[in-house]
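Enquirer: predicted model and sequence below, questions to follow.
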Amino acid sequence: MAVQAANDIVQQAAARGRAITLEWSAIAALLAAGVALGLGVWYRHLALTSLGSAAWGGLVVGALLCHAALQQGRARLSYLALAIFAGLPLAAIPFRFVSPEAGMLPLLVLGGLGAALMGGGLRWAWEIRGTVGTLQETAGQVTASLGKAMSAMAAWLHDAIIKWIFVLLLGGVGAGVAFVARVQRQELMFWAGAALVFLVGSVGLWAPGLYQRGRLPVGLRHCGQLCFWLSLLVVPFVELGPDGMLPYTAHPSLRFIAMGLGLVIVGSTWFLQKGSIFSHPIKLEPKRSAERAYSLAIVILGLLVLLGGAEVRQRMKLAVDQSVISHTDPLSRVQFQPPAQVRSLVIVQPLENVPIYLDDVQFQDGTSMRLIPLLYPGEQLRAYDHGLVKAIRAAAKLNVQRSMPESRMEVWTPSEGPKG
């Protein structure tokens, strides 16, 4: 029984300490807000007489309302009525002698609100004035907690700075290699730089000096995520492609293979790891039943994209020279026409503000050839600057341009060709 009584006393003391800390923190916040509002109004050059009147009214009303709120039971309603019916006339006494200007009313309201916060804070502080002695103990505990928090934050900051230094180094080297490859027009070198950028996600595995290194599946999955998203959103606009000079030859982009590989890495690491990817790293939870199905679906999708990208890369081909325009589709069917038979080149943008274009090469015999520039490396933002468009225009001598912005369409025809 003695042990139980002592335990109850300790728990009550702890609870009281927490309540006192919260109350004094709220009082400090009220006083700080009141001082800030008062200084802000004073900074706007409100007259001292007007500011003093607003401060008097705010202090009276704020203190009386706080006094009523601190009462118990029905006494709270009585003191609230007293604050309204007796406090408001008392607060309005200075305005009998000071007539504020209409343009100063917002400043007066803000000044009065600041004073009301200060009055309420002072009345609340008077209510709990007996607990001031315990604030020293609370302050000591807060100081110790802050010291531990600052130590943990310094360790984390040291960890993060080292990691980001290596991230910037690896990403900068990769981006630099890709940029030099674009200038020198070396496709293999470009993809070597892109691979370095993808490996940024693995920095947590090998960077020295890190206290909490990520596990192998997490690092690999980060690489897969970078590989997928960068291949989808960034690589199409920076990838090296033929410049459009004749003879022109292009195969589908390697980025589709990179996207599939990234999905396979993401899905396989998620499928093989035992813990749930939604749990906190400190406390791993078992994998949920649906996660295995989701990860397996991502693996299957990644394999389809990977194999499809490799197959399309192997089969499809576009070649343009002075004698023939040749296009091989994914089924290995070849379509070719001499450039002299080209009647027009129609560039269509199906979705507004989305840089995806469809090119239709129309011939004199009524046939057409559908091309998708997005499949091939090259300029994607400006359709007329893509290498395959330049090559077809050069081979067929298409030099007359007509734009139809309302239809998101652009038509190229030869100067001696039809106008429609």
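Expert: Arrived safely, thanks for sending.

Enquirer: residue ranges of the helices in this protein, please?
Expert: In the chain, the helices defined using DSSP state H lie at 2-43, 48-69, 75-82, 88-91, 105-127, 132-184, 187-198, 203-206, 216-233, 235-238, 255-272, 289-315, 387-396.

Enquirer: between helix 105-127 and the longest one, find me the angle.
Expert: By that I understand helix 132-184. Between helix 132-184 and helix 105-127, the angle comes out at 130 degrees (axes from the mean of the first three to the mean of the last three C-alpha atoms, to 10 degrees).

Enquirer: with the last one instead?
Expert: Taking the same axes, to 10 degrees, one finds helix 387-396 and helix 105-127 inclined to each other by 150 degrees.

Enquirer: and the contacts of helix 387-396?
Expert: By C-beta atoms under 8 Å, 6 or more residues apart in numbering, the residues outside helix 387-396 that reach it are 241-246, 248, 250, 318, 320-322, 325, 339-340, 342, 345, 347, 359, 361, 371, 373, 376, 378-379, 383-384, 398-399, 412, 414. No exception for glycine: its C-beta is placed from N, CA and C like everyone else's.

Enquirer: now mean pLDDT and distance to residue 404 too, for the helices of the chain, in JSON lines please.
Expert: Formatted as JSON lines, these follow (pLDDT from 0 to 100; distance: least, C-beta to C-beta, whole Å):
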{"stretch": "helix 2-43", "mean pLDDT": "62", "distance to residue 404": "57"}
{"stretch": "helix 48-69", "mean pLDDT": "79", "distance to residue 404": "65"}
{"stretch": "helix 75-82", "mean pLDDT": "78", "distance to residue 404": "72"}
{"stretch": "helix 88-91", "mean pLDDT": "76", "distance to residue 404": "71"}
{"stretch": "helix 105-127", "mean pLDDT": "80", "distance to residue 404": "54"}
{"stretch": "helix 132-184", "mean pLDDT": "80", "distance to residue 404": "33"}
{"stretch": "helix 187-198", "mean pLDDT": "92", "distance to residue 404": "35"}
{"stretch": "helix 203-206", "mean pLDDT": "82", "distance to residue 404": "49"}
{"stretch": "helix 216-233", "mean pLDDT": "91", "distance to residue 404": "29"}
{"stretch": "helix 235-238", "mean pLDDT": "92", "distance to residue 404": "25"}
{"stretch": "helix 255-272", "mean pLDDT": "94", "distance to residue 404": "31"}
{"stretch": "helix 289-315", "mean pLDDT": "93", "distance to residue 404": "31"}
{"stretch": "helix 387-396", "mean pLDDT": "93", "distance to residue 404": "17"}
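
Enquirer: distance to residue 366 added to those helices, as CSV?
Expert: Formatted as CSV, the helices of the chain follow (distance: least, C-beta to C-beta, whole Å):
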stretch, distance to residue 366
helix 2-43, 76
helix 48-69, 85
helix 75-82, 89
helix 88-91, 89
helix 105-127, 74
helix 132-184, 40
helix 187-198, 37
helix 203-206, 58
helix 216-233, 37
helix 235-238, 33
helix 255-272, 33
helix 289-315, 27
helix 387-396, 16
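
Enquirer: dump the ones you listed to a markdown table, plus distance to residue 354 and mean neighbour count.
Expert: What follows is these, written out as a markdown table (distance: least, C-beta to C-beta, whole Å; neighbours: other C-beta atoms under 10 Å):
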| stretch | distance to residue 354 | mean neighbour count |
| --- | --- | --- |
| helix 2-43 | 47 | 13 |
| helix 48-69 | 56 | 21 |
| helix 75-82 | 61 | 14 |
| helix 88-91 | 62 | 15 |
| helix 105-127 | 47 | 20 |
| helix 132-184 | 24 | 13 |
| helix 187-198 | 23 | 19 |
| helix 203-206 | 33 | 18 |
| helix 216-233 | 13 | 19 |
| helix 235-238 | 12 | 17 |
| helix 255-272 | 17 | 21 |
| helix 289-315 | 21 | 15 |
| helix 387-396 | 18 | 23 |
